[in-house]
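Novice: coordinates only, no sequence provided:
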Ligand code: ATP
Ligand code: MG
Ligand code: MG
Ligand code: MG
């Protein structure tokens, strides 16, 4: 099943069950406390929090998301993209836990011939919050799941809240078992590489009070209006349904991977390091394409910096694959062609997008070239002095002034038979970060400068004040 097909089945299923189909919002969220839209529920926050009366009792969407938090996972796990699409169904004070579980089970296990996703019941596992016996009861009733395929988990994994006083509640997640070839027995609690998380059902039913951490807080009582917020990873379902090994091999991503392999003259599936690089390129090029389509410009701060980082990491991965020349004209057109059916603006906006992308690549290739000259000189001097390690301040200068990533310095130094004084480099990085933090504090962080939510709070209403995820999203800067 192609990704487009899964997406359409999702929307048709929920539309047929009274959900209003809402188009994806931009990756650039309206919420100034958020760098990017990180989940399907983000555009619905005002309704979920009860601040704005919902225009419909039920909604469904396929939301574009960016999670920079997952950047280090990309290419190494089978299931994390920096860009991905989250299918969601939402109830605003309408149906609740039992119905949400029934819908999920029905869509997953109805055969493909009958319009469902056709997963075999025996391959599905669920987790629930440790004392949510109600959810366990519904899973048994609806799905007939045996006890051993319903696993209890603590707050860390299965309890949702914003990290602030406001709506909160347990969640239940659905996993697909890829089988013994992919890891150990024992359900998602034992192995999340073998058991792939596909869908998270959040039951917003309580009002949480103040607390000291994500897991330590008071529950003040039940919410008058209980909400459902769910998120299913479209790419995850696609990779499982397409019989490929990971989400970088699905129809919307694979063409970029293949193009990169061709340009580098390598065969995918032969060398692990190269495979990770190819997957990183395929992911990052797509994410950058989608960000630029939503109007993000490359820059040295905020959203633009994330875009720049994705672009540079792609250039760097191609370089490590042995390609020194520009590749973006080939890679971005491949990604555009794979994405344009779902998002026509990647084609209509391509002139603007390509100008940014190709320009960034050219500049970074020049940076790499000049950094390489500095590095070569430093290597020669280090060797002459008889030292075995390149000085930390050289690595720092390369990073700070030439935008030279440390792993590139490490690798190139190694090729020249040297190590790098990593401790000294880390110390300089830490000092710089401490200075930057002090600066940011002085300027007031984006998060401190709260949006609409703070104003509402001042009026004494219960509202979201931000997301734990988001705080971390911002702090990676
Ligand atoms: P994981 O534990 O695998 O990192 P998560 O628990 O962080 O996923 P949720 O916040 O529950 O994910 O998001 C809902 C769904 O969105 C997940 O069940 C998954 O199918 C999908 N998803 C989350 N993060 C990603 C990602 N980086 N790439 C692709 N799909 C994702
Ligand atoms: Mg995650
Ligand atoms: Mg998870
Ligand atoms: Mg989850």
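Specialist: That came through fine. Everything numeric here is computed off the predicted structure, so don't read it as measured data. Ligands and ions are numbered 1, 2, ... in the order given.
Novice: confirm that residue 411 sits in a helix.
Specialist: Yes: Residue 411 forms part of a helix when assessed by DSSP: H, G, I helix; E, B strand; the rest coil.
Novice: does ligand 1 have contacts with stretch 62-71?
Specialist: Yes: with Cβ under 6 Å from any ligand atom as the criterion, ligand 1 is reached by stretch 62-71 at 67, 70. Just so you know, the C-beta spots here come from the backbone N, C-alpha and C atoms, and that holds for glycine as well.
Novice: need the residues that contact that stretch.
Specialist: With contact meaning Cβ atoms under 8 Å, 6 or more residues apart in numbering, stretch 62-71 is reached by 7, 10-11, 24-27, 35-40, 42-43, 80-88, 234, 287, 290-291, 294, 306, 309, 313, 343, 469, 472-473, 476.
Novice: if I look at the most centrally placed residue in the chain, how far off is residue 196?
Specialist: Closest residue to the average C-alpha location of the chain: residue 67 at 3.0 Å, with Cα atoms, centre = their mean. Distance from residue 67 to residue 196, counting by Cβ to Cβ, to the nearest Å: 17 Å.
Novice: ditto for residue 415
Specialist: 37 Å.
Novice: the more surrounded of those two?
Specialist: For residue 415 and residue 196, the more surrounded residue by other Cβ atoms under 10 Å is residue 196, and the numbers stand at 25 against 9.
Novice: where does the more buried one land in three-state SS?
Specialist: strand.
Novice: report pLDDT for it.
Specialist: For residue 196, the pLDDT comes out at 98.
Novice: and residue 449, by the same measure?
Specialist: The model's pLDDT for residue 449 equals 34.
Novice: state the helix or strand in which residue 285 lies.
Specialist: Using DSSP states H and E, residue 285 falls within helix 272-293.
Novice: and the helix or strand that that helix is followed by, what does it pack onto?
Specialist: Using DSSP H and E, the next helix or strand after helix 272-293 towards the C-terminus is helix 302-320. Helices and strands touching helix 302-320, by 3 or more Cβ pairs under 8 Å, 6 or more residues apart in numbering; DSSP states H and E, are helix 254-264, helix 272-293, helix 328-339, helix 350-385, helix 406-415.
Novice: how about the residues of the stretch 151-300 of the chain near ligand 1?
Specialist: 197-200, 231-233, 235-236.
Novice: of these, which pair is most distant in space?
Specialist: 200 and 235 (14.6 Å; Cβ to Cβ).
Novice: for ligand 1, what is the nearest residue in the stretch 251-400 of the chain?
Specialist: Using Cβ to the nearest ligand atom, the closest approach of the stretch 251-400 of the chain to ligand 1 is made by residue 283 at 9.0 Å.
Novice: contacts only, for that residue.
Specialist: Taking Cβ under 8 Å, 6+ apart, we find residue 283 in contact with 74-75, 81-83, 248, 253.
Novice: tell me where the stretch 51-200 of the chain has strands.
Specialist: In the stretch 51-200 of the chain, the strands defined using DSSP state E, counting those that start in this stretch lie at 58-66, 83-92, 124-129, 150-153, 159-161, 166-177, 195-211.
Novice: among the ones you listed, which is the most enclosed?
Specialist: Most buried of the strands of the stretch 51-200 of the chain by mean neighbour count (mean count of other Cβ atoms under 10 Å) is strand 83-92; its value is a mean of 26.
Novice: what is the distance between it and the centre of its chain?
Specialist: Computed by Cα atoms, centre = their mean, to the nearest Å, the chain-centroid distance of strand 83-92 equals 13 Å.
Novice: any residue of that strand up close to ligand 1?
Specialist: Yes: on the criterion Cβ under 6 Å from any ligand atom, strand 83-92 is in touch with ligand 1 at 84, 86.
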